[in-house]
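Asks: Provided below are the primary sequence and the corresponding predicted coordinates.
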Amino acid sequence: MATDLSHIRNIGICAHIDAGKTTVSERILYYTGKNYKIGEVHEGTATMDFLQDEQERGITIQSAATTCPWQRHGRDYKINLIDTPGHVDFTIEVERSLRVLDGAVAVFDGKEGVEAQSETVWRQADRYKVPRICFINKMDKIGASFEFSYGTIKSRLGANGIPIQYPIGLGHEFTGIIDLLRMKALFFEGDKGETMVEKEIPADYADLAKKWRHDMIEKISEQDDHLMGMYLEGKEPTLEELIVALRSATVSRKAYPVMCGAALRNMGVQALLDAVIDFLPNPNEKPPVEGTDPRDKEKHLTRPHDSGAPFSALVFKVVSDTHGDLTYMRVYSGTLTKGTRLLNPMNNKKENCSRIFEMHAQNRIPLEEVGAGNIVAVVGIKDSYTGDTLCDQDTPIVLERMFFPEPVISMSIEPKTQDDKRRLTEALATIRREDPSFRYTYDDETAQTIISGMGELHLDIIRTKLQRDMKIGVEVGKPKVSYREAITRRVEDVRGLFKKQTGGRGQYGDCVITLEPFTKAQAEAEELDFTDSIAFENGVVGGVIPKEFIPSIEYGVRQTAVSGVKFGYPMINIKVTLTYGSYHDVDSSQIAFEQAGRIALQEAVDRAGPVLLEPIMKVVITVPNEYIGNITGDVNSRRGMIHDTEDRDPVKIVNCEIPLSELFGYTTSLRGMSQGRASATMEFLEYRQVPRAVQEQLVGEKEKEKAKGKK
């Protein structure tokens with residue numbers, strides 16, 4: 001029987017690395033009865049971290065989904081939960097999870113507050129308009145401070161956090177939580193904190209609790225006209241009125257409830273689950289999902305969150321499996337029954353949904369059918385990938401795709417034997433299907449396969465997967481930075497003429513283009529396709545080039561830009577406008593116009609001031625005070641730029657920007673400069689022009705590689 005949509009919550013657990021996301025997830029599984037024992041990350045027994053690499057490294061690498069029950073107000077609820085990674089190299093896992101979730105729990109370290117990756121995750125959630133609850137974890141950690149962590153939520157995220165809890169004690173003295181809504185103290189008893197007990201607030205916390213409750217009521221009242229009237233009249237709102245107003249503000253993302261606890265010590269998780277039910281939206285409270293008609297891209301369509309509506313779902317993850325690929329999807333509308341034929345309107349292919357599963361990490365629970373609002377995995381899908389839509393064949397719709405970050409680092413990889421070579425291409429295609437942030441290409445000039453990803457750890461995980469899991473012998477080169485080409489000025493009326501006369505029929509293609517720097521924001525404003533950070537616009541009038549040849553010109557332009565024009569690196573942030581051209585009744589062909597597009601772009605780039613761009617990383621370094629001089633001097637020597645230094649006695653937090661090319665092996669170097677006491681996190685910030693001396697050096701190295709490959 002289908003679950004009432006108002007009783008479903010689709011949530012994610014996300015945060016900075018080591019904030020305790022997986023530990024929170026494990027407690028949720030235990031307290032909801034989904035697991036009979038608690039798995040621990042540090043023991044390698046966490047249910048949600050089931051990959052061998054995750055267990056060995058003690059980090060989450062891929063998002064894992066599960067479904068668990070929870071009772072609240074005497075009713076049964078169903079929580080679809082996704083535990084996401086915190087490491088920046090696996091940000092795609094967070095991206096695709098947030099795209100299909102209705103709400104999220106943002107977990108923060110009670111001592112560190114908002115950290116670098118916390119900000120990244122918060123921005124990703126903003127992009128997909130996901131309501132959030134803030135959970136300040138690790139209140140039992142030495143140096144933990146609720147006030148400090150809450151302050152960073154306001155100052156660094158600019159978020160309107162509303163504390164609805166306050167800790168009783170800190171560090172080793174953390175014993176319980178004050179519920180500011182009900183004005184009760186919560187304690188967690190039993191071997192694993194399974195019994196949540198309400199008691200009166202300790203006398204020495206009574207005044208503090210009143211102050212924080214007064215601030216909470218004031219902040220909630222600001223979001224509700226009725227409560228504001230009561231507040232101004234000095235009247236106390238009821239518990240129900242506070243919950244209704246805070247729920248409304250949370251769902252509309254005008255406010256974010258702030259809670260606290262210590263998941264490792266089994267404190268605060270049951271109250272967090274209650275808050276998920278009370279404050280995060282059910283599928284019905286989200287706007288109808290929007291899309292376009294594949295037959296007319298100008299026509300906008302919507303689908304209600306209704307099991308009786310035409311079927312639509314978004315594929316957000318593909319996992320290769322020996323028993324058939326698992327395709328994870330969020331069902332937005334309609335009902336899917338086992339054995340149904342679906343349409344992928346992106347490639348116009350029919351897909352057969354042979355089996356449906358509710359997932360519990362790596363375990364599968366078979367289902368006969370599934371309705372709107374649910375997250376499931378299906379078997380039988382062959383030609384659909386992350387970001388694709390699956391829908392009813394008679395009422396097609398294309399749902400909004402998700403954002404995929406560009407790789408910033410690459411390395412060469414070569415098979416050891418002929419058999420390894422044969423299997424490598426297939427293996428790389430499988431990994432690419434699973435991970436859209438991974439890329440691979442074959443370099444004809446150096447006869448090497450180049451794999452690209454989001455960081456050194458990302459590529460190391462892929463190398464391990466090829467060697468250990470897929471049993472393919474490969475030799476890997478040193479990681480290299482993924483540079484990009486760009487232009488600095490606009491050029492007009494650049495002609496590309498391809499004219500070839502042989503004994504029989506000749507080849508003739510002629511086009512004129514304008515080339516200019518362009519941004520994603522401009523592409524969105526002009527509603528242009530910005531695939532690979534390249535926009536193409538057809539400005540031809542009067543039929544000087546027949547319509548059937550326009551796609552060939554675009555293909556020639558895009559292929560040339562992606563393979564690099566001046567320096568051999570992909571071009572980004574450009575717009576090509578086709579303005580004029582000519583054709584021959586007999587000699588013109590698609591191949592001729594494709595070549596004309598290539599020639600025009602190559603000529604235009606030469607005139608447009610081509611430059612080389614390098615990835616710049618945002619780096620946050622935590623360093624004891626006595627080593628700050630060493631660290632800042634080292635940052636400057638790496639072409640880094642320090643923005644600010646925060647004093648958090650006894651350490652300093654250094655916020656800086658450093659080119660990725662200067663950061664290989666940085667973690668090891670940092671330990672050496674601080675006797676192992678400093679740490680750093682980094683994330684991709686933007687591409688920026690390299691200094692002229694560095695550009696000349698890189699171009700020289702590229703030329704040597706080409707020469708070596710030709711030998």
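Replies: That came in fine, so what should we check first? Residues are numbered from 1 along each chain as shown.

Asks: next helix or strand past the lowest-mean-pLDDT helix or strand in the chain?
Replies: Counting by mean pLDDT, DSSP states H and E, the chain has its least confident helix or strand at helix 52-57, which shows a mean of 45. The helix or strand immediately downstream of helix 52-57 is strand 64-72, counting by DSSP states H and E.

Asks: please identify the buried residues of that following strand?
Replies: Buried residues in strand 64-72, counted by 16 or more other CB atoms under 10 Å: 64-68, 70. Using the backbone N, CA and C atoms, a C-beta is placed for each residue, glycine as well.

Asks: looking at these, spot the one nearest Ala377.
Replies: Ala65 (7.6 Å; CB to CB).

Asks: and the closest one, what does it touch?
Replies: For Ala65, the contacting residues are 80-82, 328, 359, 361, 375, 377, by CB atoms under 8 Å, 6 or more residues apart in numbering.

Asks: again with Lys338
Replies: Residues near Lys338 by CB under 8 Å, 6+ apart: 353-356, 367-369.

Asks: secondary structure element for Glu703?
Replies: Using DSSP H and E, Glu703 sits in helix 692-710.

Asks: tally of neighbours for His214?
Replies: The tally of other residues near His214 (other CB atoms under 10 Å) stands at 12.

Asks: for it, helix, strand, or coil?
Replies: Here His214 is recorded as helix under DSSP: H, G, I helix; E, B strand; the rest coil.

Asks: sorry, back to before: redo the buried residues of strand 64-72 as JSON lines? Include pLDDT and distance to Phe146.
Replies: JSON lines is the format used below for the buried residues of strand 64-72 (pLDDT from 0 to 100; distance: CB to CB, whole Å):
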{"residue": "Ala64", "pLDDT": "64", "distance to Phe146": "29"}
{"residue": "Ala65", "pLDDT": "74", "distance to Phe146": "31"}
{"residue": "Thr66", "pLDDT": "81", "distance to Phe146": "29"}
{"residue": "Thr67", "pLDDT": "83", "distance to Phe146": "32"}
{"residue": "Cys68", "pLDDT": "85", "distance to Phe146": "28"}
{"residue": "Trp70", "pLDDT": "92", "distance to Phe146": "25"}
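
Asks: which among the residues you listed gets closest to Ile642?
Replies: Proximity of the buried residues of strand 64-72 to Ile642 was ranked by CB to CB; the top entry is Ala64 with 37.6 Å.

Asks: start and end of stretch 329-348, how far apart?
Replies: One end of stretch 329-348 to the other measures 18 Å (CA to CA, to the nearest Å).

Asks: now that stretch: average pLDDT?
Replies: Per-residue pLDDT over stretch 329-348 has a mean of 92.

Asks: next: stretch 111-131.
Replies: Averaging pLDDT along stretch 111-131 gives 85.

Asks: low-confidence ranges in the chain?
Replies: For the chain, the stretches with pLDDT under 70 are 1-3, 34-64, 85-91, 321-324, 361-362, 444-447, 502-504, 706-711.

Asks: my guess is Arg439 contacts Met454. True?
Replies: No - look at Arg439 against Met454 with CB atoms under 8 Å: they stay out of range, at 10.4 Å.

Asks: against Asp606, how distant is Thr579?
Replies: According to CB to CB, to the nearest Å, Thr579 stands 18 Å off from Asp606.

Asks: about what we covered before: for the helix holding Glu703, name the packing helices and strands.
Replies: For helix 692-710, the packing partners by 3 or more CB pairs under 8 Å, 6 or more residues apart in numbering; DSSP states H and E come out as strand 610-624.

Asks: residues making contact with the very next helix or strand once past the strand it packs on?
Replies: Remark: after strand 610-624, the chain's next helix or strand is helix 628-637, criterion DSSP H and E. Outside of helix 628-637, the residues within contact range by CB under 8 Å, 6+ apart are 619, 621, 623, 642, 645, 652, 654, 656, 658, 669-670, 673-674, 678.

Asks: output helix 628-637 as CSV, restricted to C-alpha atoms.
Replies: C-alpha atoms of helix 628-637 as CSV (Å, rounded to 0.1, in the frame of the first residue of the first chain):
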residue,chain,number,x,y,z
ILE,A,628,52.1,30.5,11.9
GLY,A,629,55.2,32.2,10.5
ASN,A,630,56.4,29.0,8.7
ILE,A,631,53.0,28.4,7.2
THR,A,632,52.3,31.9,5.9
GLY,A,633,55.8,32.1,4.4
ASP,A,634,55.2,28.8,2.6
VAL,A,635,51.9,30.0,1.3
ASN,A,636,53.6,33.0,-0.3
SER,A,637,56.3,30.8,-1.8
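
Asks: thinking in terms of the whole chain, how far from its middle is it?
Replies: Distance of helix 628-637 from the chain centroid (CA atoms, centre = their mean, to the nearest Å) equals 31 Å.

Asks: in that helix, which residues are buried?
Replies: Neighbour-count burial for helix 628-637 [16+ other CB under 10 Å]: 628, 631-632, 634-635.

Asks: picking up where we left off before, could you identify the most distant pair in the contacts of helix 628-637?
Replies: Within those, two members stand farthest from each other by CB to CB: Thr645 and Ser669, at 19.3 Å.

Asks: returning to that earlier point: now, which of the contacts of helix 628-637 lie within helices?
Replies: 669-670, 673-674 (DSSP state H).

Asks: now, of those, which are buried?
Replies: Using 16+ other CB under 10 Å as the burial test, those include 670, 673-674 as buried.

Asks: hmm, back to that, for the ones in helices among the contacts of helix 628-637, give me a markdown table that also has distance to Val197.
Replies: Listed next are those as a markdown table, based on distance: CB to CB, whole Å:
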| residue | distance to Val197 |
| --- | --- |
| Ser669 | 50 |
| Leu670 | 45 |
| Met673 | 49 |
| Ser674 | 44 |
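
Asks: just give me the closest of those to Val289.
Replies: Of all these, Val289 sits closest to Leu670, with 44.9 Å by CB to CB.

Asks: what's the neighbour count on the closest residue to the closest one other than its chain neighbours?
Replies: Distances taken as CB to CB, 6 or more residues apart in numbering put Ala678 closest to Leu670, at 5.1 Å, once the chain neighbours are dropped. Counted with other CB under 10 Å, the neighbours of Ala678 add up to 22.

Asks: against Leu663, how distant is Ala678?
Replies: If you measure Ala678 against Leu663 using CB to CB, the figure is 14 Å.

Asks: all helices of the stretch 301-450 of the chain, in order?
Replies: Shown for the stretch 301-450 of the chain, the helices assigned by DSSP state H, counting those that start in this stretch span residues 418-434.

Asks: what number of residues lie near Gly506?
Replies: 15.

Asks: once you drop chain neighbours, what's closest to it?
Replies: Nearest to Gly506 is Asp587, by CB to CB, 6+ apart, at 4.2 Å.

Asks: so who does that neighbour touch?
Replies: Contacts of Asp587 (CB under 8 Å, 6+ apart): 505-508.

Asks: cool, Arg253 as well?
Replies: By CB under 8 Å, 6+ apart, the neighbours of Arg253 are 129-132.

Asks: reformat these as CSV; add neighbour count, secondary structure and distance to Lys317.
Replies: Formatted as CSV, these follow (neighbours: other CB atoms under 10 Å; DSSP: H, G, I helix; E, B strand; the rest coil; distance: CB to CB, whole Å):
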residue, neighbour count, secondary structure, distance to Lys317
Lys129, 11, coil, 20
Val130, 26, coil, 17
Pro131, 25, coil, 22
Arg132, 26, strand, 21
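
Asks: pipe the residues you listed into a markdown table and attach distance to Phe536 per row.
Replies: Below are the contacts of Arg253 laid out as a markdown table (distance: CB to CB, whole Å):
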| residue | distance to Phe536 |
| --- | --- |
| Lys129 | 30 |
| Val130 | 32 |
| Pro131 | 37 |
| Arg132 | 38 |
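
Asks: and Pro237, how far is that from Ile277?
Replies: 20 Å.
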